[in-house]
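**Student:** the sequence isn't on hand, but the structure is:
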């Protein structure tokens, strides 16, 4: 009787190890991809609905906000609710709120100002001071740096609509909103001013902020530093390394520690 030899597929230890490693690698790759996707989704949600970082580029809000302040902006409470009102804790914007918004003339730019008038308010300035519905407002936070008077800027809207920087569209619209020497704020709009009252390009010059342009309210100043002065080279060694060291030292010196984690008000 002849022997029958049955050939069977044998998986050697080396083959099994390779297969296991391949499967494990594939699983790790899938897990990493899922983690990355989750991180991206969370980041997009946070940036879209919760907080966003902004830098202060001008002096229009001094002394409340300074050039070189870095803000985290709360987008969940002050932006327009829209279809997400059932999910996110929106609240109505109030007078004296500081808001970040898309500049109505160029929505690609972001401005930060203080809300002075809300829908239905009657607003005017008398000798630089704000009156809302006939009542003078507390403006201890505001700064007045210019001694020279400007009728348009200081007595808006009674100083005449003649200013170098006034937007032509606002020139026409504003006069239709003035009654008894006061600007009446229409529904869905806000009148805003910079705290640096004499040196702020604000609603006096370009108009009202539509509610849909509001991005949010500054939550806190998370970083603040003075501008790094230029290295003139006097008494300093030249070269990229020395320039880098100089910049690093000046950056540390320019940190404004007392402003960090402060809530703008």
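**Tutor:** That came through, no problem. Quick caveat: nothing in here was measured; it's all calculated off a predicted structure.
**Student:** please make it C-alpha for all contacts and neighbour counts, starting now.
**Tutor:** Will do.
**Student:** what ranges does the stretch 51-200 of the chain have for its strands?
**Tutor:** 51-55, 69-74, 98-102, 110-117, 122-126, 129-132, 135-136, 178-179, 182-184, 189-193 (DSSP state E, counting those that start in this stretch).
**Student:** helices or strands next to the last one in the packing?
**Tutor:** Using 3 or more CA pairs under 8 Å, 6 or more residues apart in numbering; DSSP states H and E as the contact definition, the elements that strand 189-193 packs against are strand 110-117, helix 203-206, strand 209-210.
**Student:** mind listing what residue 98 touches?
**Tutor:** Going by CA atoms under 8 Å, 6 or more residues apart in numbering, residue 98 touches 112-115, 217-218, 264-265.
**Student:** make it 6 Å
**Tutor:** 113-114, 217 (CA atoms under 6 Å, 6 or more residues apart in numbering).
**Student:** equivalent analysis for residue 160, please.
**Tutor:** residue 152.
**Student:** so how far is residue 224 from it?
**Tutor:** Look at residue 160 and residue 224: by CA to CA, to the nearest Å, they are 39 Å apart.
**Student:** again with residue 146
**Tutor:** 26 Å.
**Student:** which of the helices and strands packed on strand 189-193 sits closest to residue 169?
**Tutor:** helix 203-206 (8.0 Å; CA to CA).
**Student:** and the contacts of the closest one?
**Tutor:** 166-167, 170, 191-192.
**Student:** got the domain ranges for the protein?
**Tutor:** The record's domain parsing of the chain by automatic domain parsing lists 50-223, 227-256.
**Student:** got those domains as a markdown table, with mean pLDDT columns?
**Tutor:** Formatted as a markdown table, the domains of the chain follow (pLDDT from 0 to 100):
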| stretch | mean pLDDT |
| --- | --- |
| domain 50-223 | 90 |
| domain 227-256 | 62 |
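**Student:** need the winner for burial among the ones you listed.
**Tutor:** domain 50-223 (a mean of 18; mean count of other CA atoms under 10 Å).
**Student:** from what I can see residue 110 touches residue 102, true?
**Tutor:** Yes. Residue 110 is within contact range of residue 102, at 4.6 Å (criterion: CA atoms under 6 Å).
**Student:** would you mind finding the longest strand in the chain?
**Tutor:** The residue-count maximum for a strand in the chain (DSSP state E) belongs to strand 214-224.
**Student:** remind me what it packs against, helices and strands.
**Tutor:** For strand 214-224, the packing partners by 3 or more CA pairs under 6 Å, 6 or more residues apart in numbering; DSSP states H and E come out as strand 69-74, strand 98-102.
**Student:** quick one: closest of these to residue 123.
**Tutor:** Nearest to residue 123 among the helices and strands packed on strand 214-224 is strand 98-102; the distance by CA to CA comes to 17.4 Å.
**Student:** quick check, nearest of the contacts of residue 98 to residue 133?
**Tutor:** Using CA to CA, the contacts of residue 98 come closest to residue 133 at residue 114, 17.4 Å.
**Student:** for the closest one, give its distance to residue 174.
**Tutor:** Taking CA to CA, one finds residue 114 at 19 Å from residue 174.
**Student:** against residue 158, how distant is the closest residue to residue 198 other than its chain neighbours?
**Tutor:** Leaving aside its sequence neighbours, residue 198 sits nearest to residue 144 (CA to CA, 6 or more residues apart in numbering; 5.6 Å). Look at residue 144 and residue 158: by CA to CA, they are 19 Å apart.
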